[in-house]
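K.L.:
sequence and predicted structure are below.
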Amino acid sequence: MASRIEDYALLGDTQTAALVGKDGSIDWVCFPRFDSRACFAALLGEPKNGRWLLGPRSGASAVRRRYLPETLVLETEMDCAEGTIRIIDFMPPRGHAPDIIRIVEGVRGAVPIGMELVIRFDYGAIVPWVRRKDDTLLAIAGPDALELRTPAETRGEDFTTVADFTIEPGRRVPFVLTWYPSHQAQPPVLDPEKELESTIAFWREWSDQCTYQGEYQSDVRASLRVLKALTYGPTGAIVAAATTSLPELLGGSRNWDYRYSWLRDSTMTLYALLLSGYRAEAQAWREWLLRAVAGDPANLQIMYGVAGEPRLTEWSIDWLSGYEGSRPVRIGNQAHEQLQLDVYGELVDTLYQSTRIGVAPSEWAWRLQEKVLDFLETGWQQPDEGIWEVRGPRRHFTHSKVMAWVAFDRAVKGIGAAGAPGPVDKWRALRDRIHAEVCARGYDAGLGTFVQSYDGRELDASLLMIPLVGFLPPGDPRVMRTVAAIEKGLMHDGFVRRYVPSPALDGQEPAEGAFLACTFWLVDNYAISGRRDEAVDRFQRLLRLRNDVGLLSEEYDPRSKRQLGNFPQALSHLALVNSAYNLGHNEHPTPADHRGGK
């Protein structure tokens, strides 16, 4: 039986990430990068293919865990018949040799401990050659090597490395698992206790840079650490999630690979970081962006690999059964070939906001923006696949057109704010033309609401962005009726679905969970329209959905009370940060103010 998605905790070193279950099992790591095929384990819910289990031999009767304050260092206490142990798990950010360090500490009694390490590369397809070299266990397959260092005595049993020992109070036994290219020399040996100290110091120093001082300070800082962990430090890219193929419907086929850098998610993540004082991340992301999108803006992709790779070919793994039978298991993402006009607006908006909030202007970035706007002069009239990446026919999605309006709006404001050159009269005219068309064709007078796509009648939660980006004020009757219609038509038990799925729209099964970011957008709408009590109530319900260490996935199923989708999800956590700002004290600038350019 697979662990629940929400039973995992996140470890990260800004190069890759690991997921640790409540049972003490590490079930997922991609070495050395988020999207690498050098997987330590195959997939959550596929323990036969790879895992690293550490805990009491007799099993745990109670588990308590937390992150050490202001860090991503995980501390898990387990009670069992013989006593209590503590496991400390972390990944030290130390360059190009990713490590996972686990320290077992005795707390009470003499507890027999078991360790089982099953290493499978290439998503469970490859069993590595394992041998001992001096005091190190080496596992090698093709270009990849893992080494395990521990004072505990290990042995091999049925393609598994195992260890048995007894831990007493005050004793600590470390395990260090390190990836490196198999053709290179083994990396330097680490002192686990010193690395623990330096990792704690790294995260606390980073967290202390946060400038948010509002009511939800601890919640904001916790989510910002998740966003930092999903940043690929060597390039500045920001991935959407640490996993692939965790389902949006248990047993269904909505299983996508999220270990890439979506321009939309990245710009929104960067926006949350900028509001919180993190300028270095903004600078690094902007440089990554300029490298990734260099070329013809007509060929701008919605996502790239963490190094800026454009080709993210999608394929399915037929030897894995998928999380709780959810197939196919997908690697890569075909959506990188889609046209999504909203990313152009997100891109221009973030370049504008980064300069406005304090990042030094860049001539190269301004030139990129001009090229993007040149394309949008006619490109905005095209149908596209939209924010939700539907795999049905292209449509004129209302949200896409609104974000095209944002691109020209921010360009006009950027000239005024920075004195940069540009055809401001032409951009202003295009902005006004798009606005008029959206109000005419994206709005259904009979329904009294904006709709998902031109001349349609379906609702879409992305319409909640209309007041948040400044397209119309929150008190506009059309906006208010749209919010009311979404409350009536897309909400279940207080949580918002993206839209009503249908085979004609996206070719997938007609069911999924509520999309957490959309519910945060509803909170934002409440907050900026004076419905503060409702906003606070909805926000606190969302906070209670987080697991015991404060993590959120992409979706939530109110019926089964389960988190769904890839985990942890950057979009959910950045939406939490932005909503906290919208609910914050008046002296703090809100995302709505910034995005509206007020």
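P.N.:
Noted; the coordinates are in hand.

K.L.:
which positions within the helix or strand harbouring Trp203 qualify as buried?
P.N.:
In this assignment (DSSP states H and E), Trp203 forms part of helix 192-207. For helix 192-207, the neighbour count (16 or more other CB atoms under 10 Å) marks Pro192, Glu195, Leu196, Thr199, Ile200, Phe202, Trp203, Trp206, Ser207 as buried. Bear in mind the C-beta positions are built from the backbone N, C-alpha and C, glycine included.

K.L.:
just stretch 100-112 next, same as before
P.N.:
Ile100, Ile101, Arg102, Ile103, Val104, Glu105, Gly106, Val107, Gly109, Val111.

K.L.:
determine which two of these are furthest apart.
P.N.:
Greatest spacing in the buried residues of stretch 100-112, by CB to CB: Ile100 and Gly109 (26.7 Å).

K.L.:
among the buried residues of helix 192-207, which one sits closest to Ala282?
P.N.:
Using CB to CB, Trp206 comes nearest to Ala282 of those, at 14.3 Å.

K.L.:
so who does that closest one touch?
P.N.:
Trp206 makes contact with Arg225, Lys228, according to CB atoms under 8 Å, 6 or more residues apart in numbering.

K.L.:
and what of Arg204?
P.N.:
Each residue near Arg204 by CB under 8 Å, 6+ apart is listed here: Pro69, Glu70, Thr71.

K.L.:
and those residues, which are buried?
P.N.:
Of the contacts of Arg204, these count as buried by 16+ other CB under 10 Å: Glu70, Thr71.

K.L.:
distance to Glu377 and secondary structure added to the contacts of Arg204, as JSON lines?
P.N.:
Shown next, in JSON lines, are those (distance: CB to CB, whole Å; DSSP: H, G, I helix; E, B strand; the rest coil):
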{"residue": "Pro69", "distance to Glu377": "51", "secondary structure": "coil"}
{"residue": "Glu70", "distance to Glu377": "47", "secondary structure": "coil"}
{"residue": "Thr71", "distance to Glu377": "48", "secondary structure": "coil"}
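
K.L.:
can you list the contacts of Arg204 in a markdown table and add pLDDT and distance to Gly392?
P.N.:
Below are these laid out as a markdown table (pLDDT from 0 to 100; distance: CB to CB, whole Å):
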| residue | pLDDT | distance to Gly392 |
| --- | --- | --- |
| Pro69 | 98 | 47 |
| Glu70 | 98 | 45 |
| Thr71 | 98 | 44 |
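
K.L.:
ok, the contacts of Arg204 vs Val412, which is closest?
P.N.:
Nearest to Val412, judged by CB to CB, of the contacts of Arg204 is Glu70 at 40.9 Å.

K.L.:
which residues does that closest one contact?
P.N.:
Glu70 is in contact with Trp203, Arg204, Ser207, Asp208, Arg221, Arg225, counting by CB under 8 Å, 6+ apart.

K.L.:
hmm, which two among these are most spread apart?
P.N.:
Asp208 and Arg225 (11.6 Å).

K.L.:
these two: who's more crowded?
P.N.:
Arg225 (22 against 9; other CB atoms under 10 Å).

K.L.:
the more buried one and Gly233: what is the separation?
P.N.:
14 Å (CB to CB, to the nearest Å).

K.L.:
swap in Glu370?
P.N.:
According to CB to CB, Glu370 and Gly233 sit 30 Å apart.

K.L.:
longest helix anywhere in the protein?
P.N.:
Using DSSP state H to define each element, the chain has its longest helix at helix 398-418.

K.L.:
just the buried positions in that helix, please.
P.N.:
Along helix 398-418, these residues count as buried under the neighbour rule (16+ other CB under 10 Å): 398-415.

K.L.:
contacts for the helix or strand following that helix, please.
P.N.:
Once the chain leaves helix 398-418, the next helix or strand it forms, by DSSP H and E, is helix 424-441. With CB under 8 Å, 6+ apart as the contact definition, helix 424-441 has outside contacts at 373, 376-377, 380, 396, 398, 401-402, 404-405, 408-409, 411-412, 415, 454-455, 471, 478.

K.L.:
if we use 10 Å, what do you get?
P.N.:
By CB atoms under 10 Å, 6 or more residues apart in numbering, the residues outside helix 424-441 that reach it are 370, 373, 376-378, 380-381, 396, 398-416, 423, 450-451, 453-456, 466, 471-472, 476, 478.

K.L.:
how far off centre is the helix or strand where Asn525 lies?
P.N.:
When secondary structure is defined using DSSP H and E, the element that contains Asn525 is helix 516-528. Taking CA atoms, centre = their mean, to the nearest Å, one finds helix 516-528 lying 18 Å from the centre of the chain it belongs to.
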